[in-house]
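*Asks:* below are the sequence and a predicted model; questions follow.
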Amino acid sequence: MLTTVAASVAGVVVLAAASLLAYRAASQRRTARSLAIRTPNGIDESRYVPIGGIGQWIQIRGEDRANPVLLFLHGAGMSMIPFTPVFRSWEKHFTVVQWDRRGVGRTLTRDGRAGSDEWTFGLLASDGIEVAEYLRHHLGQDTVIVLGHSQGTIVGSIMARQRPDLFRAYVGTGQIVDLARSEPASYQLAVARAQASGRRKAVRGPARAGAPPYPEPRTWIGKQRWSFDTDPELQAWSKRALRMVLTAPGTSLADIYRFNSAIMFYPRPLYDETMSWTAPPRFDRTETPPAGA
């Protein structure tokens, strides 16, 4: 009797899993159709490109190759390629380039985390300059617009300072300016949100992490997670983001696992540089590049 019940339960579980996978596959096909580039001069390419001595993954999409090139620099550990639907409207006006940096996305899949104890923002910026040079030649454009988000603003600002001749403009969103000053303020804001929520779990997060500074990357990552959990806008975005990750065309369950693990990985040299980073007050073609860049 017990064997029969166990077999029935197992059958139900298998059927449910198969149904979910079938639904996911159908959703991936729908997403692929909605993202299709159908214009005569459009471009939709994804490939590994030799950058910094390794193969790094680059996605290039747009409805007209003659449009300005926009290179998006993602934040720490987070490939933006699964979120291509967010950029679909941009692709009418720009050739949008997503680049999986070292330790992220498909570059992580191919090269792993080899040498991560020696990664610096100078190295990532050097990679980014190579990417920009590749795009110029591949797309026949003189300059590139670079848009940095979060950690990508550090990479992008170093790139722009070192090689202003390559870039039409630099744009920063979620710009990192001075974390030594902003971390205490953001901590107090997150504590206030947690207390206002009335949820004991939300309040316990700040207590475990304590106030900044955080010597260990893992503690800071934990602080970021409970801080995000108390932000209504980020909670809404997280639900949308999860759907996009699960339905991204050409993305396997193993890719999703690696995507999530990369978010929790912050190489020590990059973490230390991030916590001590101070953004330049301006960009000057004659200024000396920052140390280590």
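*Replies:* That came through fine.

*Asks:* centre of the chain to stretch 257-276, how far?
*Replies:* 11 Å (CA atoms, centre = their mean, to the nearest Å).

*Asks:* where does the stretch 151-293 of the chain dip in pLDDT?
*Replies:* Residue ranges of the stretch 151-293 of the chain with pLDDT under 70: 201-203, 205, 207, 283-293.

*Asks:* quick one: the strands in it, in order.
*Replies:* Along the stretch 151-293 of the chain, the stretches classed as strands by DSSP state E, counting those that start in this stretch are 167-173.

*Asks:* which residue ranges of it form helices?
*Replies:* Taking DSSP state H, counting those that start in this stretch, the helices of the stretch 151-293 of the chain run over residues 151-162, 179-197, 200-209, 217-229, 232-247, 253-263, 268-276.

*Asks:* which one of those lies nearest to residue 100?
*Replies:* In terms of CB to CB, the element of the helices of the stretch 151-293 of the chain nearest to residue 100 is helix 253-263, at 9.2 Å. The way it works is simple: take the backbone N, C-alpha and C, and place the C-beta from them, glycine included.

*Asks:* what residues sit buried inside the closest one?
*Replies:* Within helix 253-263, the residues that qualify as buried are 255, 258, 259, 262, 263, counting by 16 or more other CB atoms under 10 Å.

*Asks:* from the residues you listed, which single one is nearest residue 71?
*Replies:* residue 262 (19.8 Å).

*Asks:* for the residue nearest to that closest one when sequence neighbours are not counted, helix, strand, or coil?
*Replies:* In this structure, residue 262 finds its nearest non-sequential neighbour in residue 77, 4.4 Å apart by CB to CB, 6 or more residues apart in numbering. Following DSSP: H, G, I helix; E, B strand; the rest coil, residue 77 is assigned to coil.

*Asks:* name the helix or strand for the spatially closest residue to residue 156 that is not a sequence neighbour, please.
*Replies:* Residue nearest to residue 156 in three dimensions, not counting chain neighbours: residue 148, with 3.2 Å by CB to CB, 6+ apart. Applying DSSP states H and E as the criterion places residue 148 in strand 144-149.

*Asks:* helices or strands up against that strand?
*Replies:* Applying 3 or more CB pairs under 8 Å, 6 or more residues apart in numbering; DSSP states H and E, we find strand 144-149 packed against strand 69-73, helix 121-139, helix 151-162, strand 167-173.

*Asks:* mind putting the ones you listed into a markdown table with mean neighbour count and distance to residue 233?
*Replies:* Shown next, in a markdown table, are the helices and strands packed on strand 144-149 (neighbours: other CB atoms under 10 Å; distance: least, CB to CB, whole Å):
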| stretch | mean neighbour count | distance to residue 233 |
| --- | --- | --- |
| strand 69-73 | 25 | 20 |
| helix 121-139 | 20 | 28 |
| helix 151-162 | 24 | 19 |
| strand 167-173 | 16 | 14 |
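
*Asks:* that older thread, and the buried residues of helix 253-263, which is closest to residue 176?
*Replies:* Nearest to residue 176 among these is residue 263, at 17.0 Å by CB to CB.

*Asks:* so how far is residue 146 from residue 47?
*Replies:* Taking CB to CB, to the nearest Å as the measure, residue 47 falls 20 Å from residue 146.

*Asks:* quick one: which of these two has more around it?
*Replies:* residue 146 (29 against 11; other CB atoms under 10 Å).

*Asks:* okay, that one: pLDDT?
*Replies:* For residue 146, the pLDDT comes out at 98.

*Asks:* hmm, residue 159 and it touching each other?
*Replies:* Yes. The pair residue 146 and residue 159 qualifies as a contact (CB atoms under 8 Å) at a distance of 6.1 Å.

*Asks:* anything in contact with each of these two?
*Replies:* 128, 132, 167, 170 (CB atoms under 8 Å, 6 or more residues apart in numbering).

*Asks:* distance to residue 36 added to these, as JSON lines?
*Replies:* Output for the shared contacts of residue 146 and residue 159, formatted as JSON lines (distance: CB to CB, whole Å):
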{"residue": "128", "distance to residue 36": "29"}
{"residue": "132", "distance to residue 36": "27"}
{"residue": "167", "distance to residue 36": "30"}
{"residue": "170", "distance to residue 36": "31"}
